[in-house]
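S.K.: need coordinates for the below:
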Amino acid sequence: MKRQLIIGLILVLLIGVCFSAYFGVDYYQTQKEEKAAEEAAALQLSSFDSDAVTKLVIHTPELDYTIDKDDNSQWQVAEGDAMHINTYYIDALCTYGCSLTATKDLGTADSDKLKTYGLSDPISITYYTSDADKPEKTLYIGGQNPTKSSFYVMQDDDDHVYLADANTAGYLYVTKTQMRYRYLMDDKSSDILKLTLQRNGETVYTFEDTSGNSDYKLTEPLETPIAVNNANLSTLFTQLTELEADDFGDSDVTEDKYAEYGFDKPAYMFQFTQATGEVTTLLVQDFDPLTSSYVDCLHKETNEILKLDSSYLGFLQKNASDYMDDTVCYFSISEVSALTMQYHGSFNDKTIDIDDSFTFDDASTTYSCNGKSFNSDDTELTEAFKTFYTALSEISYESLDTSAQAPTDTEPALHLEYTMLDGSTHVVDLVKKDDTTYWVFIDGEFTHAVVRQRALSGEDKVLETYTAFQKLLESAAA
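M.R.: Numbers count the residues shown, from 1 in each chain. Presented below is the predicted three-dimensional model:
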């Protein structure tokens, strides 16, 4: 009995020791977590809603600015020198400034230390939210530590110096270059409806989306039914959205100062109008892309000089034809029900006359030439016919002569009349310009396009593929 009592007392003692140990460890862990939370809270230098920011007051050794929102909630310069402001960067200042966390508290610092840390005259950003007279937070950004991994920062709540990660605090190290909007295009989501290039005062081209369906047409210095290559234009539009300044010049170059800066007679004027109605005009001085690394360009609407990399200005050297289809006229074989072709000219040093009629039923791969029918059962003949039609569709022009007048003699050397499946017709005429070239007319309209003879009689071109097709057709009929 006595032994059992002793064992019971020992068990009670062990249970007590276990409970004491458990609660002791739990208390220690709780204290440890509370201390860590206090330390983390002490390193949380700012915590507020970035979307609630209505105003920023920014000071750096080179500038003082007050930025607030206009009636459309867009960032604007309220106080400070005129500047085309980088609204994306202001958003970043709000995003990274609203939740800045330090990595280490260095404690207080004397004046010598503050100077070493770059905090004797630091960059300061004061954030305002709902109360326009009472700031939400002021952050002071100094220099970087020796390893460049952190910035020295302070806040308005205490006199301690902190380290903050460079990947975050680096956005708060404000410079005038960062404050200025770097891109040529303001609203990158708005479609371009019109764009014009002038060189030395002469219009090189104006393209317009007259229908609002991204169906662009050349409207200056001439109108032509030659189709615009929308893919090439789209590439240009992408280049424009990505075009940004590497550096800046003066920001107050008004029209009365153009002569002083060399923009009174610019070598290039490039302008585009977007769906929002916003117009952007770039005046560019003459430059040699092989020797000039950067080019001074004036953004007319903001009065700013942008220093642009010359390698990104290649579009200023382009001509209208670079954005046009290089073929005279293209109709898919699946869209055509009939074609007449008339040609009088030379081929392989012989004068030939062609006057043929073709019918198409591409769905059943059944065709005819002058009443002689053939289909996909005759693979070689059908392929030869399609090769000829492809060559016909790929007649290319060499240039657009913008200064030319329509010829008075419009008798065509090559006449093509397409009848479409919907019953509509289209006519393409090549009219002799001289012994080796032709003018192009589409549906009776002078296009200013010049086609060379080799586009008709060269290897794998219209006349060669037509001759090959006719030989097979004659063999099949024999």
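S.K.: tell me how far Thr254 lies from Ala267.
M.R.: 20 Å (C-beta to C-beta, to the nearest Å). For glycine as for every other residue, the C-beta is placed from the backbone atoms N, C-alpha and C.
S.K.: neighbour count for these two, which is higher?
M.R.: Ala267 (17 against 8; other C-beta atoms under 10 Å).
S.K.: could you look up the SS state of the closest residue to the more buried one other than its chain neighbours?
M.R.: Nearest residue to Ala267, sequence neighbours excluded (C-beta to C-beta, 6 or more residues apart in numbering): Asp286, at 3.7 Å. For Asp286, the assignment made with DSSP: H, G, I helix; E, B strand; the rest coil gives coil.
S.K.: any regions of the protein where pLDDT drops low?
M.R.: Low-confidence segments of the chain (pLDDT under 70): 1-5, 7-9, 11-14, 16-41, 478.
S.K.: domains of this protein?
M.R.: 50-179, 192-323, 333-477 (automatic domain parsing).
S.K.: could you dump those domains to CSV with distance to Leu43?
M.R.: Formatted as CSV, the domains of the chain follow (distance: least, C-beta to C-beta, whole Å):
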stretch, distance to Leu43
domain 50-179, 4
domain 192-323, 36
domain 333-477, 67
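S.K.: so for Met185, which of the ones you listed sits nearest?
M.R.: With respect to Met185, and counting by C-beta to C-beta, the nearest of those is domain 192-323 at 5.4 Å.
S.K.: which ones are touching Asp215?
M.R.: Asp215 makes contact with 209, 230, according to C-beta atoms under 8 Å, 6 or more residues apart in numbering.
S.K.: got the phi and psi for it?
M.R.: Per-residue torsions, Asp215: phi -110, psi 90 (degrees, to the nearest 10).
S.K.: which SS class is Asp256?
M.R.: Applying three-state DSSP: Asp256 is helix.
S.K.: mind listing residues that contact stretch 193-210?
M.R.: Contacts of stretch 193-210 (C-beta under 8 Å, 6+ apart): 191-192, 212, 215-221, 228, 233, 236, 265, 267-275, 315-316, 318-320, 323.
S.K.: count the residues that sit near the residue nearest to Ala267.
M.R.: Neighbour tally, Asp286, other C-beta under 10 Å: 13.
S.K.: same check on the one 10 residues further on?
M.R.: Other residues near Asp296 come to 20 when the count uses other C-beta under 10 Å.
S.K.: quick check: it touching Leu282?
M.R.: No - Asp296 sits out of contact with Leu282 when judged by C-beta atoms under 8 Å, with a separation of 11.0 Å.
S.K.: name the residues contacting each of the two.
M.R.: Leu306.
S.K.: follow-up on the earlier one: what subset of the contacts of stretch 193-210 is buried?
M.R.: By neighbour count, with 16 or more other C-beta atoms under 10 Å, the contacts of stretch 193-210 hold 192, 216-221, 228, 233, 236, 267-274, 315-316, 320, 323 as buried.
S.K.: so which of those sit within strands?
M.R.: Residues from those lying in strands, with DSSP state E as the criterion: 192, 216-220, 268-274.
S.K.: residue contacts, the residue nearest to Leu316 when sequence neighbours are not counted?
M.R.: Once flanking residues are discounted, Leu316 sits nearest to Tyr268: 4.8 Å by C-beta to C-beta, 6+ apart. Tyr268 sits next to 197-199, 282-284, 316 when contact means C-beta under 8 Å, 6+ apart.
S.K.: rerun that using 10 Å as the cut-off
M.R.: 197-200, 204, 282-287, 295, 297, 313, 315-317 (C-beta atoms under 10 Å, 6 or more residues apart in numbering).
S.K.: if I look at it, how far off is Ser124?
M.R.: 42 Å.
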